[in-house]
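K.L.:
test case, fold it:
(chains A, B, C and D)
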2 protein chains.
Amino acid sequence: MSDSHGLQVSWLRVFSAVARLGSFTAAARELGYTQSAVSRQVCALEGETGARLFDRLPRGVRLTEQGRSLLGHAEAVLDRLDAARRDLEALREAAVGRLRVGAFATANAALVPAAVSALRARHPGLDVTTREGLSARLAAALAAGDLDVAVLSAVSGEPPGGLDLRPLLDDAMFVALPRTHRFADRPRVRLADLAGEEWIAGRRDPEDTLMAAALHAGFRPRIRFVVAEWIAKQGFVAAGLGVTLVPALAAGVARPDLAVVPLHPDDVPPRAVYAATARGITPSPAAAAFLAALRDSAAVLRR
Amino acid sequence: MSDSHGLQVSWLRVFSAVARLGSFTAAARELGYTQSAVSRQVCALEGETGARLFDRLPRGVRLTEQGRSLLGHAEAVLDRLDAARRDLEALREAAVGRLRVGAFATANAALVPAAVSALRARHPGLDVTTREGLSARLAAALAAGDLDVAVLSAVSGEPPGGLDLRPLLDDAMFVALPRTHRFADRPRVRLADLAGEEWIAGRRDPEDTLMAAALHAGFRPRIRFVVAEWIAKQGFVAAGLGVTLVPALAAGVARPDLAVVPLHPDDVPPRAVYAATARGITPSPAAAAFLAALRDSAAVLRR
DNA sequence: GGCATCCATGTCTGACTCGCATGGCTTGCA
DNA sequence: TGCAAGCCATGCGAGTCAGACATGGATGCC
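P.N.:
Now for the predicted structure:
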């Protein structure tokens, strides 16, 4: 029965003002309309609702019973629309909202926490959640709409398509050595110089880990200890049980009894780190703010 | 900052459908629009809100964070508008609503209660309140908007202006006699025949009561007992202490040990009883239903 | 590479709404 | 009683807007 969907919100505004002021003319003055415009809008609303909303009296108008009934609804609707406007405004300023961040493990060592911290300092109302995962899985989550922003790395070439990538930094490779190691004070080492070392790695097979770089350098690393967690690798290295590769993102937070020495860039192709969003998805204001924080955070790390 | 008040409710409907279906085209199909119309409405809503509401993906669209925020408000608004529509519909059928009735005393003996009873039987959801008062006061209350309908009487000429009057019946005058009275079985009496009686009246002075009719009939009634309540007058008459005038509206509910005999119409100018509403006020559906019930009720009493 | 799907947009037409004016109605006052 | 003032309704013209229609660009699938 709701045939003509031409209901205008302005009609409700006019209706409310007329009900409050008891006069078409006064409402017109207040709203900057002509009296005739008010008359027509009320008339249109009456036609739309099929109910006479005002009784026209010689000195103004008065709500009918149906008008009184409509008034409550009209004001509720107008209030709700104002609330929507306010919410959108708050969202636009990233004052509130939800932000789901994903990142690969070492990005969570310093880069992401710093950015999240800066973001929350600026926008305390934001609801930020983070999740750790491999870059491929993060990319899938982005595409599925389960993440807003992901920090991921491209070991070689590009990560899976369907993403909008923003380069953050090139993650150079470091090697972590015991403080007593003979290379500990060098400004830089070549990978080949470490061919004789014993290695701590995340996996037994060097092919699909950071250790693949060693293969390119011409030797097959002797992997004696396999531990996944970076904190554990640090422990083994500090105990003098071997050396391990560590990306720059994690190098800054190594324990003080370790030496972290950069590898020569030619030995390890720098791993690109990106802030990614789903292709075609315009970042929400919160996401945009987080991307900016990530950029700042990365700039600090690059120095 | 809310400059352009051109917000259309149809935009919200379209927006909601698009959000639900994830596609402009599908929403257009469902709503009977063209795809371009949907595109334009969404675009207009985005312009109005100043926020991008959907991300356009290759296979449809997806809500942005701001769109998700707006969606809740939009659906609340649409629900509220539907509720308003339903309320107006219920009001139109007098299923719900408020009705304030005023009536003069004897109208409350039978006429008004019967009408109220019929009204509530038909429309149980109505909130009916009644109030008793003199006709002049009721007329003022109508004009002030404190009453919706009043049942009032015009002793002579018209009641105060500013009212829309609907004649209900002409309230003929009866005389209440003890069952043993010599006129008790007459079909009709002349007022002059009662000149020798002792009278029960509401006031000492006959001028401004029903007893004024006696003056016109050529005698000054001997008022022995002054009681205001009709139930008390009945008691005095039944006890054989006198006779009293009683309007037709109250005559039907006299106690059985009284005789109620009509007076000749020439002796007493029939008192017109009206259902009145404030001038220019269109009766609410509930009021209209009550007016109809009053008419029916009056028709029954006239027989 | 062709095709299907989806959204954006240029264009035109019909409808709508606004302001301006006028008229009817009532009230208050001289 | 005649007049002025205030209120709402309405006829009229100009500007605006929303809709359909058609087309174009972009993407994904076979």
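
K.L.:
next, the buried residues of the helix or strand harbouring residue A:234.
P.N.:
Applying DSSP states H and E as the criterion places residue A:234 in helix A:230-238. The neighbour-count check on helix A:230-238 (16 or more other CB atoms under 10 Å in any protein chain shown) flags A:230, A:233, A:234, A:235, A:236, A:237, A:238 as buried. For glycine as for every other residue, the C-beta is placed from the backbone atoms N, C-alpha and C.

K.L.:
what residues are up against the second one?
P.N.:
In other words, residue A:233. Residue A:233 makes contact with A:176, A:200, A:202, A:227, A:244, A:246, according to CB atoms under 8 Å, 6 or more residues apart in numbering or on different chains.

K.L.:
now name the helix or strand holding the fifth one.
P.N.:
Using DSSP H and E, the secondary-structure element containing residue A:244 is strand A:244-247.

K.L.:
how far off centre is that strand?
P.N.:
28 Å (CA atoms, centre = their mean, to the nearest Å).

K.L.:
can you list contacts of the helix or strand just after that strand?
P.N.:
Next along the chain after strand A:244-247, taking DSSP H and E as the criterion, comes helix A:248-251. Helix A:248-251 is contacted from outside by A:106-107, A:109-111, A:169, A:171-174, A:176, A:230, A:260, A:262, A:273, A:301, using CB under 8 Å, 6+ apart.

K.L.:
just the ones of those residues in helices?
P.N.:
For these, membership in helices holds for A:111, A:230, A:301, with DSSP state H as the criterion.

K.L.:
quick one, longest helix in chain A?
P.N.:
helix A:65-92.

K.L.:
hmm, it in reach of DNA strand D?
P.N.:
No. Judged by CB under 7 Å from any atom of the strand, helix A:65-92 stays clear of DNA strand D, getting no closer than 12.4 Å.

K.L.:
ok, stretch A:18-32 next?
P.N.:
Yes. Using CB under 7 Å from any atom of the strand, stretch A:18-32 reaches DNA strand D at A:23, A:24, A:25, A:26.

K.L.:
that stretch and chain B, are they touching?
P.N.:
No. Stretch A:18-32 stays out of contact with chain B when judged by CB under 8 Å from any CB of the partner chain, the minimum separation being 9.1 Å.

K.L.:
can you give me the buried ones in that stretch?
P.N.:
Buried-residue list, stretch A:18-32, by 16+ other CB under 10 Å: A:18, A:19, A:21, A:23, A:24, A:26, A:27, A:28, A:31.

K.L.:
show me where pLDDT drops low in chain A?
P.N.:
Scanning chain A for pLDDT under 70 picks out A:1-5, A:155-161, A:207-209.

K.L.:
hmm, 50 instead?
P.N.:
A:1-4 (pLDDT under 50).

K.L.:
which residues in it form strands?
P.N.:
Applying DSSP state E to chain A gives strands spanning A:54-57, A:60-63, A:97-103, A:126-132, A:149-154, A:163-171, A:173-178, A:198-201, A:222-226, A:244-247, A:258-262, A:271-278.

K.L.:
of those, which is nearest residue B:289?
P.N.:
With respect to residue B:289, and counting by CB to CB, the nearest of the strands of chain A is strand A:54-57 at 17.8 Å.

K.L.:
residues making contact with the closest one?
P.N.:
For strand A:54-57, using CB under 8 Å, 6+ apart, the contacting residues are A:18, A:19, A:42, A:61, A:62, A:63, A:64, A:67, B:280, B:281, B:282.

K.L.:
what's near enough to touch residue A:167?
P.N.:
By CB under 8 Å, 6+ apart, residue A:167 lies in contact with A:272, A:273, A:274.

K.L.:
tabulate those residues (JSON lines), appending neighbour count.
P.N.:
Shown next, in JSON lines, are the contacts of residue A:167 (neighbours: other CB atoms under 10 Å in any protein chain shown):
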{"residue": "A:272", "neighbour count": "19"}
{"residue": "A:273", "neighbour count": "28"}
{"residue": "A:274", "neighbour count": "21"}
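
K.L.:
okay if I get these as a markdown table plus distance to residue A:56?
P.N.:
Listed next are these as a markdown table, based on distance: CB to CB, whole Å:
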| residue | distance to residue A:56 |
| --- | --- |
| A:272 | 73 |
| A:273 | 71 |
| A:274 | 67 |
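
K.L.:
please name the residues that touch residue A:290.
P.N.:
Taking CB under 8 Å, 6+ apart, we find residue A:290 in contact with A:99, A:101, A:115, A:116, A:119, A:128, A:148, A:149.

K.L.:
of these, just say which sits nearest to DNA strand C.
P.N.:
For the contacts of residue A:290, the minimum distance to DNA strand C (CB to the nearest atom of the strand) is 20.4 Å, reached by residue A:148.

K.L.:
do you know how far the closest residue to DNA strand D within chain A is from residue A:42?
P.N.:
Using CB to the nearest atom of the strand, the point where chain A gets nearest to DNA strand D is residue A:36, with a distance of 2.9 Å. In this structure, residue A:36 and residue A:42 are 11 Å apart, going by CB to CB, to the nearest Å.

K.L.:
so if I had to pick from the two, which one is more boxed in?
P.N.:
Per other CB atoms under 10 Å in any protein chain shown, whichever of residue A:36 and residue A:42 has more neighbours is residue A:42, with 22 against 10.

K.L.:
does that one touch residue A:49 like I think?
P.N.:
No. At 10.6 Å, residue A:42 does not count as touching residue A:49 under the criterion of CB atoms under 8 Å.

K.L.:
what separation do you get for the residue in the stretch 51-200 of chain A that DNA strand C sits nearest to and residue A:262?
P.N.:
Closest approach between the stretch 51-200 of chain A and DNA strand C, counting by CB to the nearest atom of the strand: residue A:58, at 3.6 Å. As judged by CB to CB, residue A:58 and residue A:262 stand 91 Å apart.

K.L.:
just residue A:223 next, same as before
P.N.:
Relative to residue A:262, and taking CB to CB, residue A:223 is found at 22 Å.

K.L.:
how about residue A:37?
P.N.:
74 Å.

K.L.:
repeat for residue A:77
P.N.:
From residue A:77 over to residue A:262 (counting by CB to CB), the distance is 63 Å.

K.L.:
more neighbours: these two, which one.
P.N.:
Under the neighbour definition other CB under 10 Å, residue A:77 and residue A:262 were set side by side, and residue A:77 has more, 24 against 16.
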